[in-house]
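S.K.: What would the 3D arrangement of this be:
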Amino acid sequence: MAPDESRPDDSHPAVFTAQGADAWLPSALSRGPWDPRAQHGGAPCSLLAHVAERAAPGPGWQLARLTVELVKPVPVAPLTTRAQVQSSRATVRVGIDLLAGEAVVARAHALLLAKNPLALPAGLPGWPQQQLRPLPGECSERVRIPGLPDGVSFYGSAVESRVAEGDSAQPGPCSAWFRLAVPLVRGAANSPAMRAAAAADFGNGLSWVLPAERFLFTNADMSLNLFRAPEGEWIGLRSATEAHGDGAGLAVSHLYDERGPVGIATQTLVLRERAGA
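M.R.: The predicted structure is shown next:
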């Protein structure tokens, strides 16, 4: 019997399989915590980072900003991307639509900068230079968020996590290290930007403040700013969430590699009480 090309491909250890230049088949590794039919936000965010990087005119470009609007739940189903590119000598700006059928389920805006080595003065003021410690090699506890189901998923199977500060099983700020444990796109290397985008979407769950059995706290977007490309496989997040009674919230995450800070990510949260809670 011929394989059903309309169904997600679970036979290969990758989150997505390219089906041509602009078509993508997600596996069960893309699944999120709220609905087995919908993806975790980190899966489409890292895929959109991959699509943005492909738009660069050649080597020597780095992703400086990626903003993803999660318009609808992204299904674990065949997807396509449409990209519009505007380039100059110093910047590449990419707008990307992610579609399921004819419906736009996510929309991204990316800014890539041409790398330009500079001899900067020592001791410049600005970004805090403290490191997230302990480093991943000194951590062992996995991130565990109460109320989330087990099974094959992006957060449980495609990504490895190690708690660095705080307790992910308790509400409040927390810090952890994350790494993609599988290829995001089959046959393609996981780039620093893809790893950062995948990890950045975990800030909301890492720093949860509302119990998952009573509330939904999904993020409607994710905005990532990188001032340098992360080095190595591990991305650290130091995250905190604010939630308020009008149904809105905000998660803010500072991002690190094993050398120090690399950027910041924010997520706008949609807060809802679960039916029958």
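S.K.: Name the single longest strand found in the chain.
M.R.: In terms of residue count, the longest strand belonging to the chain (DSSP state E) is strand 260-273.
S.K.: Work out the sheet partners of that one and label each with its direction, please.
M.R.: Paired neighbours of strand 260-273 in the sheet (DSSP bridges): strand 215-219 (antiparallel), strand 221-226 (antiparallel), strand 248-257 (antiparallel).
S.K.: got the ones you listed as a markdown table, with distance to residue 103 and mean neighbour count columns?
M.R.: Just so you know, the C-beta spots here come from the backbone N, C-alpha and C atoms, and that holds for glycine as well. Formatted as a markdown table, the strands paired with strand 260-273 follow (distance: least, CB to CB, whole Å; neighbours: other CB atoms under 10 Å):
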| stretch | distance to residue 103 | mean neighbour count |
| --- | --- | --- |
| strand 215-219 | 18 | 19 |
| strand 221-226 | 18 | 22 |
| strand 248-257 | 25 | 22 |
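S.K.: Residue 47 is nearest to which of those?
M.R.: Smallest distance to residue 47 across these (CB to CB): 12.5 Å, for strand 221-226.
S.K.: Show the average pLDDT along the closest one.
M.R.: Averaged over strand 221-226, pLDDT sits at 98.
S.K.: just stretch 124-134 next, same as before
M.R.: pLDDT averaged over stretch 124-134 gives 80.
S.K.: C-alpha coordinates for it, CSV please?
M.R.: Taking C-alpha atoms only, stretch 124-134 is exported to CSV below (Å, rounded to 0.1, in the frame of the first residue of the first chain):
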residue,chain,number,x,y,z
LEU,A,124,31.2,48.9,27.2
PRO,A,125,28.1,49.5,29.5
GLY,A,126,24.8,47.9,28.6
TRP,A,127,23.6,44.3,28.7
PRO,A,128,24.1,42.5,32.0
GLN,A,129,26.9,40.1,31.6
GLN,A,130,26.0,37.6,34.3
GLN,A,131,25.9,34.0,33.2
LEU,A,132,23.0,31.5,33.8
ARG,A,133,24.4,28.9,36.2
PRO,A,134,24.8,26.1,36.8
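S.K.: can you give me how far that stretch is from the chain middle?
M.R.: Offset of stretch 124-134 from its chain centre (CA atoms, centre = their mean, to the nearest Å): 22 Å.
S.K.: and what of stretch 245-255?
M.R.: On CA atoms, centre = their mean, the centre of stretch 245-255 falls 15 Å from that of its chain.
S.K.: Contacts for it next, please.
M.R.: Here stretch 245-255 makes contact (CB atoms under 8 Å, 6 or more residues apart in numbering) with 132, 196, 199-200, 202-204, 206-207, 209, 217, 219, 224, 226, 230, 235-243, 261-272.
S.K.: Residue 198: what secondary structure?
M.R.: Here residue 198 is recorded as helix under DSSP: H, G, I helix; E, B strand; the rest coil.
S.K.: Please report phi then psi for the nearest residue to it once chain neighbours are set aside.
M.R.: Spatially, and ignoring its direct neighbours in sequence, residue 198 is nearest to residue 46 (4.0 Å; CB to CB, 6 or more residues apart in numbering). Dihedral pair for residue 46: phi -70, psi -30, per degrees, to the nearest 10.
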